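**Q** Task: produce atomic coordinates for the following.
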Amino acid sequence: EIFPLTLFAVGGMMLFPASNDLLTMFVALEVLSLPLYLLCGLARRRRLLSHEAAVKYFLLGAFSSALFLFGIAMLYGFSGSVRLTTIASAAAGNTSNATLLFTGIALTGTGLLFKIGAVPFHGWKPDVYQGAPTPITALMASCTVVSAFGALLRVFYVAFGRLTWDWRPAFWVVAVLTMVVGAVVAITQTDVKRLLAYSSIAHAGFVLTGVMAVSR
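**A** From the prediction side, this is the model:
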């Protein structure tokens, strides 16, 4: 069962950053997440730790998916569409429902930052990486983060590209906190997988900082 689940997860990772509308992006998010929930619990030697990691990842992942879906609902209420280009056009010309727009930005951003593992949405990473089988940990530390970054850039620079002065300061704060927390806490780790998790968190902060600096 490992190989079909991995193919489903990789397929969702490919579709996630390539989506042109938020509804397809949500479906891709679930397609990549659900197989990973199962794969995290398939470790043969440390079954209890692996099952605990799978349950934690499932619960927190479902919470982040719910936030992302609520954000989609807010943006649909604002623009009347889930297409990224239509949301961008509505955000450029309509300021009467700014509350729905900014609430949608905050909720969708929270859901995407969770998948990246940015601070303060990083609490799941060390436990899940430690309990998951080593190949699955490697898959999550590389492909999942790349896919989530692609989706984050697509949403915020296509749909909210004209509102950079509104969301960019929050992203700078998140990027700096992610770098500092990931680098400092990694020093105290004694487990290699937890060290990899905090290293992944710190690198996510570095990449987010680089994206913010290059796109100015």
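**Q** just checking, next helix/strand downstream of the longest helix anywhere in the chain?
**A** Longest helix in the chain, counting residues (DSSP state H): helix 47-79. Next helix or strand after helix 47-79 toward the C-terminus (DSSP states H and E): helix 84-93.
**Q** neighbouring contacts of that next one?
**A** Outside helix 84-93, the residues that touch it by C-beta atoms under 8 Å, 6 or more residues apart in numbering are 20-22, 75, 78-81, 101, 154-155, 158-163. For the C-beta atoms, the positions are set from N, CA and C on the backbone; glycine is no exception.
**Q** Show only the entries of the residues you listed found in helices.
**A** Under the assignment DSSP H, those contribute 22, 75, 78-79, 101, 154 to helices.
**Q** Please tell me which one of these counts the most neighbours.
**A** Within the ones in helices among the contacts of helix 84-93, neighbour counts (other C-beta atoms under 10 Å) peak at L75, which reaches 28 neighbours.
**Q** Contact partners for it?
**A** Residues near L75 by C-beta under 8 Å, 6+ apart: 22, 82, 87, 100-101, 104-105, 108, 159.
**Q** what about 10 Å?
**A** With contacts defined as C-beta atoms under 10 Å, 6 or more residues apart in numbering, L75 is in contact with 22, 81-82, 84, 86-87, 90-91, 100-101, 103-105, 107-108, 155, 159-160.
**Q** can you check R45 too?
**A** Applying C-beta under 10 Å, 6+ apart, the residues near R45 are P133.
**Q** And the one 4 residues further on, by the same measure?
**A** Going by C-beta under 10 Å, 6+ apart, L49 touches 41, 43, 127, 130-132.
**Q** Least confident of the residues you listed?
**A** By pLDDT, A43 ranks lowest within the contacts of L49, coming in at 80.
**Q** ok, it to V128 distance?
**A** Applying C-beta to C-beta, to the nearest Å, the value for A43 to V128 is 11 Å.
**Q** picking that back up, next, the angle helix 84-93 makes with the longest helix of the chain.
**A** Comparing the axes of helix 47-79 and helix 84-93 via axes from the mean of the first three to the mean of the last three C-alpha atoms, to 10 degrees yields an angle of 50 degrees.
**Q** Report the buried residues of helix 47-79.
**A** By neighbour count on 16 or more other C-beta atoms under 10 Å, the buried set for helix 47-79 is 50, 52-54, 56-58, 60-61, 64-65, 67-76, 78-79.
**Q** next one: stretch 23-37
**A** Within stretch 23-37, the residues scored as buried using 16+ other C-beta under 10 Å are 25-26, 28-37.
**Q** Let me know the average pLDDT across it.
**A** The average pLDDT for stretch 23-37 rounds to 92.
**Q** and it, how far from the chain's centre?
**A** Once both centres are worked out by C-alpha atoms, centre = their mean, to the nearest Å, stretch 23-37 turns out to sit 11 Å from its chain's centre.
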